[in-house]
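Trainee: Here's a sequence, model it:
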Amino acid sequence: MFPGIKLSLIELSRIVCLLLLVISSASFLSGQDGILDELAAEDPCSVRLFSAVRTYQPGVSFEVGVLVEPDAGWHGYWHSARDGGDAPEAIWDLPEGWKVSGPEFPVPERMVEPGDLVSIGYKKPFLLRFRLHPASSVEAEEIGTKLEIPLVVIWQVCKTTCIYGESRASLQLSRGDKPTVDKGGSAMLARWKDRYPVEASAARGFRFQLSWFPDAHAGRVRSGTWVVRWYREGSDRRPAVPVQWLAFPHGLEAGIVQEAEVRSWVGDSDGTAEVHRGWQVSFSVADLGSGFQYGALGATLVPTPGKAKGPVPGMPAIIVRAVQAARSGSPEPGSGNKKGSGR
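Mentor: Modelled structure (predicted):
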């Protein structure tokens, strides 16, 4: 067949089979809704860095924002993504003596992915908020007047397929006797300010009741139910539009928290005769390991105006944590009488 090359019938048949396998594989992949195009795409996600200041003062903390921007049609993930997905991880290369707190995640949304998998995340760009804490003035003297802080963000974004990647950015700062505002960075942080949930202790006008009902198996708690109730005090605080709530449970290192629907609730407060109308959500918690602690339970409660998406004016999303009740001096978990104040 080719000059100088002799092939047996067996060798020829192997070559034919290999060619048929390659052709059939290419035909299969080409029909998978653009999977090949997605796998070939380079970095379907980018990152930009924003700072509230361009000149920092030693010892005075300031906010920074990391804008994670998936390409159109792709989505990223919240810190507790449910059935799948990894949230972005920010790796800071800080100068000696500096510290960072965060990230704070903006309010996410519920998404249903192929295979009826439920994930919690973002279909549009989202800003992770951090706070940088510069070293004291004595430590800062060794840094110099100009400063560059490198950042690496490891992200996962999904479309039909999921892709991991990393993006690099750096923060350019100068040291001064007092902070100097970065107008662009401050404007970006201000635009996102109302999209972050607040801790229950900062949710003015709300009160909360947290209860934990453990299921004991052979003397060991392996599952249970976490009940969260909340209401607004005073009729003058009622919103102008009907409000529905979504509840996003936080992930656990030891255990699994199932999704749950928020329902209306009517009950008394602190055992008094006063009746309040509010909301309730009951989370089923299972597969608890030996390291499980009741105080690790947490959830983000998101108000929505009816069936529409988005925040309700004057009503923030709220983070509730069982640890707040555990530290309040209430009875031990298991009594079904955990209470905390949101004022």
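
Trainee: count of neighbours near R321?
Mentor: Neighbouring residues of R321 were enumerated by other Cβ atoms under 10 Å; the total is 19. Every C-beta, even on glycine, is put in place using the N, C-alpha and C of the backbone.

Trainee: now it: how far from A200?
Mentor: Using Cβ to Cβ, to the nearest Å, one obtains 7 Å as the distance from R321 to A200.

Trainee: Repeat that for V60.
Mentor: When V60 is compared with A200 (using Cβ to Cβ), they lie 28 Å apart.

Trainee: do the same with F213
Mentor: Counting by Cβ to Cβ, the separation of F213 from A200 is 20 Å.

Trainee: Look at V60 and A200 and report which has more neighbours.
Mentor: Comparing V60 with A200 by other Cβ under 10 Å, the one with more neighbours is A200, at 24 against 13.

Trainee: Could you pull out the buried residues of stretch 191-202?
Mentor: In terms of neighbour count (16 or more other Cβ atoms under 10 Å), stretch 191-202 has its buried residues at W192, R195, P197, A200, S201.

Trainee: ok, so of these, who is nearest L297?
Mentor: Lowest distance from L297 to the buried residues of stretch 191-202 (Cβ to Cβ) belongs to A200, with 12.7 Å.

Trainee: any low-confidence regions in the stretch 101-250 of the chain?
Mentor: Low-confidence segments of the stretch 101-250 of the chain, defined by pLDDT under 70: 140-144, 218-219, 235-242.

Trainee: ranges for the strands of it?
Mentor: Under the criterion DSSP state E, counting those that start in this stretch, strands of the stretch 101-250 of the chain are mapped to 109-113, 117-122, 126-133, 146-158, 162-175, 180-181, 198-199, 206-217, 220-232, 243-249.

Trainee: so how far is the third one off the chain centroid?
Mentor: Chain-centre distance of strand 126-133: 13 Å, with Cα atoms, centre = their mean, to the nearest Å.

Trainee: Domain boundaries for this structure, per the record?
Mentor: The domain map for the chain lists 41-196, 199-341, with the assignment taken from automatic domain parsing.

Trainee: picking up where we left off before, the strands of the stretch 101-250 of the chain: which one's closest to V285?
Mentor: Put simply, out of those the one that sits nearest V285 is strand 220-232, at 5.1 Å, with distance taken as Cβ to Cβ.

Trainee: Enumerate the positions of the closest one that are buried.
Mentor: By neighbour count, with 16+ other Cβ under 10 Å as the criterion, the buried positions of strand 220-232 are V221, R222, S223, G224, T225, W226, V227, V228, R229, W230, Y231, R232.
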